[in-house]
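S.K.: 3D, please:
(one chain, ligands or ions: 1)
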Amino acid sequence: MPENPLDFDYQSTTPCSQLVLEAMSQYWDEFWGNPSSRQNRAGLYASAAIGNAREKLASILRVNPERVVFTSGATEANNLALLGHSRAMLSKIGKPGHLITLATEHQAVLDPICQLQKEGFSVTKLSPNSDGIINLEELESSFKSNTFMVTIMFANNEIGVLQPMSEISSMCKKRGVVLHSDAAQALGYLPIHLDILEIDLLSISAHKIYGPKGIGALVLNQGVDIEPLLWGGGQENGIRPGTVPVPLVVGFVKAVEIAAMELDFNNKRLRNLRDNLWFGLKKEVPDLILNGSLNNRLPHNLNFTVKGVNGNRLQKLLKPLITCSSSSACSNGSPSHVLKALGRTLTESESSLRLSLGRSTTQEDIDQAIIRLVKVIEQLRN
Ligand SMILES: Cc1ncc(COP(=O)(O)O)c(C=O)c1O
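M.R.: Take a look at the predicted model:
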């Protein structure tokens, strides 16, 4: 019996890297001031740290620093973008307009969209192609005269597929429609250069890239109206009031810097390992079904369906052997809406696994994972 389960769940979250912890450490005690209290020295240090971090993040994303609004993570950034912009447009125009989204979005987009429907907004939820990628012709024909916002995620959290953001952005620009993208899974794995890729509202998070939990940002374009969700001390230009958590912001931006610096190297390594895992498994269990496109995919994601096995028993047997996800970490165990949108049945979706690799994953882990998975599948099939 193996001692520890192998860790293959790095898309749900990652450990904080040592360098990030070191960068944060002095802001817990030595420089503990409130960045809004610029009358005292401690406050000035804290404010300088936030300013510095904001500039670094903005330079990596290639935007002006004023466009960065720190939030508690991507969930809050998504809510702020979707509810905040829609409500601002309602105040401006006087009646609720139309939004377009994709059925495979994260719940942190689908739930605010659901709230907007309750508030009178109309929504078109597009189904992706069978490989998980948006059908651009369908998107093109979904625009209406009152469409004011499109929200399409950069990279999917369950099946890792990458959406053609550049084409989507051009379609939106042509019509003067605001584009929001949830990039929680893309940050650190894809170069996100907002000077080229015109995305008006971008949601990002730290804890998927070896940064701290509880911090992220909404990066917004000039001229995009946002009605705040919170009211208070006016921080972050009044868009997101509340004392800015200095250590978390410093840690977040350190994590982004490291990920940006090592992006090519890490991606190549992860893609190789992921492909070894997939082709190694396929060799032993040829009828595994890949969920989502293999080519347009995050380098560290694999998601497949094991046909003819009971999903519950698969999870149970794998639990002591491999830490992985049967669906997204935020779906509270309900069947995957993403796999459903790809055409998988409920039974297929229940016997599907997401394996996501991390910085410490080795070829030995891959070899072991293949051995353990094949053994479990054979046991369930015999
Ligand atoms: C695509 C996507 N959006 C949003 C979130 C939520 O991010 P956070 O935990 O920063 O609120 C996640 C995390 O699971 C995610 O994968």
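S.K.: What is the burial count for residue 335?
M.R.: Residue 335: 18 surrounding residues under other C-beta atoms under 10 Å. C-betas here are computed from N, CA, C, even on glycine.
S.K.: just residue 38 next, same as before
M.R.: For residue 38, the count of nearby residues is 13 (other C-beta under 10 Å).
S.K.: just residue 220 next, same as before
M.R.: The local packing of residue 220 (other C-beta under 10 Å) involves 27 other residues.
S.K.: what's the answer for residue 307, then?
M.R.: The burial count for residue 307: 14, using other C-beta under 10 Å.
S.K.: Return the residues in contact with it.
M.R.: By C-beta atoms under 8 Å, 6 or more residues apart in numbering, residue 307 lies in contact with 287, 288, 289, 348, 351.
S.K.: Okay, and the beta partners of the residue lying closest to the second one once chain neighbours are set aside?
M.R.: The one in question is residue 288. Closest residue to residue 288 apart from its sequence neighbours, by C-beta to C-beta, 6 or more residues apart in numbering: residue 304 at 4.8 Å. Beta-bridge pairing of residue 304 under DSSP bridges involves residue 290, residue 353.
S.K.: can you tell me which residues contact residue 304?
M.R.: 278, 281, 288, 289, 290, 291, 352, 353.
S.K.: Look up how far residue 342 lies from it.
M.R.: 12 Å (C-beta to C-beta, to the nearest Å).
S.K.: Between those two, which contacts overlap?
M.R.: residue 291.
S.K.: Please, which helix or strand holds residue 302?
M.R.: strand 301-305 (DSSP states H and E).
S.K.: ok, and does that strand reach over to the ligand?
M.R.: No. Strand 301-305 is not in contact with the ligand by C-beta under 6 Å from any ligand atom; minimum separation 10.9 Å.
S.K.: and if you look at stretch 204-214?
M.R.: Yes. Using C-beta under 6 Å from any ligand atom, stretch 204-214 comes into contact with the ligand via residue 205.
S.K.: Residues in contact with that stretch: which ones?
M.R.: 11, 13-17, 20, 24, 72-74, 77, 183-185, 187-188, 215-217, 219, 245, 247-248, 251-252, 254-256, 258-259, 359.
S.K.: Need the buried ones from those residues selected in ChimeraX.
M.R.: Applying 16 or more other C-beta atoms under 10 Å to these leaves a buried subset, and the ChimeraX line that selects it is:
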select :11,14,16,17,20,24,72,73,74,77,183,184,185,187,188,215,216,217,219,245,247,248,251,252,254,255,256,258,259,359
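S.K.: show me which of the contacts of stretch 204-214 neighbour the ligand.
M.R.: Near the ligand, by the rule C-beta under 6 Å from any ligand atom, you find 73, 74, 184, 185, 216 out of the contacts of stretch 204-214.
S.K.: can you pull the contacts of the first one?
M.R.: Neighbouring residues of residue 73 by C-beta under 8 Å, 6+ apart: 184, 205, 206, 207, 213, 214, 215, 216.
S.K.: Reformat these as JSON lines; add pLDDT and secondary structure.
M.R.: Listed next are the contacts of residue 73 as JSON lines, based on pLDDT from 0 to 100; DSSP: H, G, I helix; E, B strand; the rest coil:
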{"residue": "184", "pLDDT": "98", "secondary structure": "coil"}
{"residue": "205", "pLDDT": "98", "secondary structure": "strand"}
{"residue": "206", "pLDDT": "98", "secondary structure": "coil"}
{"residue": "207", "pLDDT": "98", "secondary structure": "coil"}
{"residue": "213", "pLDDT": "98", "secondary structure": "coil"}
{"residue": "214", "pLDDT": "98", "secondary structure": "coil"}
{"residue": "215", "pLDDT": "98", "secondary structure": "coil"}
{"residue": "216", "pLDDT": "98", "secondary structure": "strand"}
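S.K.: Pick out the residue in the stretch 51-200 of the chain sitting closest to the ligand.
M.R.: residue 73 (2.6 Å; C-beta to the nearest ligand atom).
S.K.: Scan the contacts of residue 307 and report the most crowded one.
M.R.: Busiest of the contacts of residue 307 [other C-beta under 10 Å] is residue 351, holding 24 neighbours.
S.K.: hang on, isn't that residue packed against residue 305?
M.R.: Yes. Between residue 351 and residue 305 there is a contact under C-beta atoms under 8 Å: 6.1 Å.
S.K.: quick one: the helices in the stretch 151-300 of the chain?
M.R.: Using DSSP state H, counting those that start in this stretch, the helices of the stretch 151-300 of the chain run over residues 165-175, 246-261, 263-284.
S.K.: and the second one, what's its mean pLDDT?
M.R.: This means helix 246-261. The average pLDDT within helix 246-261 is 98.
S.K.: For that helix, what is the distance to the chain centroid?
M.R.: 16 Å (C-alpha atoms, centre = their mean, to the nearest Å).
S.K.: what's the answer for the last one, then?
M.R.: Shown here is helix 263-284, whose average C-alpha point lies 21 Å from the average C-alpha point of the whole chain (C-alpha atoms, centre = their mean).
S.K.: From residue 63, how far out is residue 250?
M.R.: Following C-beta to C-beta, the distance that separates residue 250 from residue 63 is 19 Å.
S.K.: cool, and residue 278?
M.R.: In this view, residue 278 and residue 63 are 36 Å apart by C-beta to C-beta.
S.K.: Please list all residues in contact with residue 350.
M.R.: 310, 311, 312, 326, 335.
S.K.: So residue 361 belongs to a helix, correct?
M.R.: No. Assessed with DSSP: H, G, I helix; E, B strand; the rest coil, residue 361 is coil; it does not lie in a helix.
S.K.: Isn't it up against residue 273?
M.R.: Yes. If you go by C-beta under 8 Å, residue 361 and residue 273 touch, sitting 5.9 Å apart.
S.K.: thinking again about what came up before, of the contacts of residue 350, select the buried ones using a PyMOL command.
M.R.: A single PyMOL command selects the buried members of the contacts of residue 350 (16+ other C-beta under 10 Å):
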select buried, resi 311+326+335
